[in-house]
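Peer 1: Structure here, sequence nowhere to be found:
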């Protein structure tokens, strides 16, 4: 995206600069807390206590992180192909329809068959909702950013219609489907109680957390160990060179978007099959956009994404604890932090590079004398 | 008959913020700065307008503060896009989130109503103008009132369209601004600052989004509630694409989308001509139309050539 302004060692570019950017984003968030008359250190301590201080906190933190790993990986795969998929929100929402349709429609099947089918259906619907913008970009040149934004809004209306007119049982007031009983992922708490006879703190954490780890490993393997992954990265790094190397951009764009949408779709597995057990209006709740922050922060690398997703899991869980302990600080403070992270780690990612570069060269010269 | 008049009036009201935001996007994108952050700037402006007006009791002070708030967000975007050559889409996404979060966090702290602002008194709002003479006019009186009885901000929005079309086509500033969006190297070679021109475009966009936000919270409504702009910034972006980045077609696109919004509001649960159209389909129509247009099935969209590309001076 940018040409180098003075070479810097790899650990500075990949490690130090993101850390500085993150620190600046957190300092700016602290200033906001200060402006509303609260102590930012105290607020941070409550957030850390609220998510890491108890087993329940850990459960919630990892449950949120699971969602963010999926949406973060989705953004990252598209990023590697040079595409900005802002449509994770809509893709995950459509995936919920897939999961619920199979989970409810085929619930005469035994669960070992039904559950994989429902997971596949979630991925397929998410992939489909990204495939269309992918095809439009590859074949018709429609800008992916704009089409994925539009598809978020189309999904919001379409799923609203589907829940209202198709999924909602007759006579039910709440705008939601009936309960999904067959394709049911047990929560960690239920597993502990049923199979080990142990009582643990209640949290929505479920098997999907392992699915997130598998997905992260699979994305790493795909991008750095396969020919397709190489082609995706080559296209993203230098489209002109990729074409000369015999890579067909249209094919790679469509494939990368489809994979991206499928990953976003996995969020429905955690949220619909694992926690809510029904299709709810607006169930994605912004997790698709958190994925953008997570991918930027994790430098589009699966390890980075796992860490960034956990940090955002901490912020989300800690944020709700914080709003209980300090009603003056609204839960949406997390959204502010998210915005600042995206600003400093994405749009302003090179802001501190010239200064660091100058510092390094001056220190280096002194060292040589 | 009454329904149609009401629908027409509602169409005009709904399209005002769209026009303002769409023209804001037009200025920015014509100078080569992609603006995904229209929504965020409108939202923070709507919040600040309602807050300042509630505290200080004047709609005009509210408007002024809203413009300052939107402008500061616009300058952040400008700094990221122009000085730092950062990714403009990422910057826009950040601005949208920052605005959505800040509006609720600050609103909750200031008014303790969970992000709402207090209801505004009449002097804190931009109310529709009233022409007593029209009351006595028979037959066409009600129809003329639909077109004339709007707030001053609505008049400003509609006046903006010919002004923008003229400025971009006929003034030196407008021509240079368009050139910087098509071929910044040529502009630079002519000895004109690319950065200064782009900053001016970003500032214009900031001011217009400020007016749009103030209209939403102090004219269309009488307080701020969370997520009040409800995607209007993105709909304006869609209208901009639909209009192929031109001022007069932008007016048409905004009126069309405003009409669809008005119908969506009216059609809640009602049927048209005996046939039930779910309101969700009316709501999604602007976005579907834009995607179809983007795909090149109706006409061809031609964005400014240098839009979204940071300008790097050759060494």
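Peer 2: It's in. Keep in mind that what you see is a predicted model, and the values were worked out from it rather than measured.

Peer 1: Check the gap between residue A:160 and residue B:87 for me.
Peer 2: As defined by Cβ to Cβ, to the nearest Å, residue A:160 lies at a distance of 31 Å from residue B:87. All C-beta spots, glycine's among them, are computed from the backbone N, C-alpha and C.

Peer 1: List the contacts of the least confident helix or strand in chain B by mean pLDDT.
Peer 2: Confidence across the helices and strands of chain B bottoms out at helix B:132-136, with a mean of 76, counting by mean pLDDT, DSSP states H and E. The set of residues external to helix B:132-136 that reach it, using Cβ atoms under 8 Å, 6 or more residues apart in numbering or on different chains, is B:141, B:144-145, B:148-149.

Peer 1: Among the residues you listed, which lie within helices?
Peer 2: With DSSP state H as the criterion, helices contain B:141, B:144-145, B:148 from among the contacts of helix B:132-136.

Peer 1: one step back: closest to chain A among the contacts of helix B:132-136?
Peer 2: Chain A has its nearest neighbour among these in residue B:149, at 31.4 Å by Cβ to the nearest Cβ.

Peer 1: Surely the closest one touches residue B:128?
Peer 2: Yes. Counting by Cβ atoms under 8 Å, a contact exists between residue B:149 and residue B:128, whose distance comes to 4.7 Å.

Peer 1: Could you check the pLDDT of residue 196?
Peer 2: Let's take chain A. With respect to pLDDT, residue A:196 has a value of 84.

Peer 1: you looked at the wrong chain, it should be chain B
Peer 2: Turning to residue B:196, the model gives it a pLDDT of 94.

Peer 1: same check, this time on the one 3 residues further on
Peer 2: Residue B:199 is assigned a pLDDT of 96 by the prediction.

Peer 1: Run through the residues that contact it.
Peer 2: With contacts defined as Cβ under 8 Å, 6+ apart, the neighbours of residue B:199 are B:78, B:82.

Peer 1: For the nearest residue to residue A:77 once chain neighbours are set aside, what are phi and psi?
Peer 2: Once flanking residues are discounted, residue A:77 sits nearest to residue A:260: 4.7 Å by Cβ to Cβ, 6 or more residues apart in numbering or on different chains. For residue A:260, the backbone dihedrals are phi -60, psi -50 (criterion: degrees, to the nearest 10).

Peer 1: What of residue A:280?
Peer 2: As for residue A:280, its main-chain torsions (degrees, to the nearest 10) stand at phi -110, psi 150.

Peer 1: For it, list each beta-bridge partner.
Peer 2: Each beta-bridge partner of residue A:280 is listed here: residue A:176, as defined by DSSP bridges.

Peer 1: Give me the nearest residue to residue A:102, chain neighbours excluded.
Peer 2: Setting aside the residues directly before and after it, residue A:102 is nearest to residue A:121 in space (Cβ to Cβ, 6+ apart), at 4.1 Å.

Peer 1: picking up where we left off before, quick one: which of residue A:160 and residue B:87 has more around it?
Peer 2: Between residue A:160 and residue B:87, counted using other Cβ atoms under 10 Å in any protein chain shown, residue B:87 has the larger neighbour count: 23 against 19.

Peer 1: Check the gap between residue A:98 and residue A:108 for me.
Peer 2: Applying Cβ to Cβ to residue A:98 and residue A:108 gives a distance of 18 Å.

Peer 1: meant to ask about residue B:138, not that
Peer 2: 69 Å.

Peer 1: Please apply the same query to residue B:170.
Peer 2: 70 Å.

Peer 1: Could you do residue A:249 as well?
Peer 2: Between residue A:249 and residue A:108 the computed distance is 45 Å (Cβ to Cβ).

Peer 1: how about the nearest residue to residue A:178 once chain neighbours are set aside, phi and psi?
Peer 2: Excluding its sequence neighbours, the residue lying closest to residue A:178 (Cβ to Cβ, 6+ apart) is residue A:169, at 4.9 Å. When quoted as degrees, to the nearest 10, the phi and psi of residue A:169 stand at phi -70, psi 150.

Peer 1: what's around residue 192, how many residues?
Peer 2: No chain was given, so I picked chain A. Residues near residue A:192, counting by other Cβ under 10 Å, number 15.

Peer 1: looking at chain B here, not the other one
Peer 2: The burial count for residue B:192: 14, using other Cβ under 10 Å.
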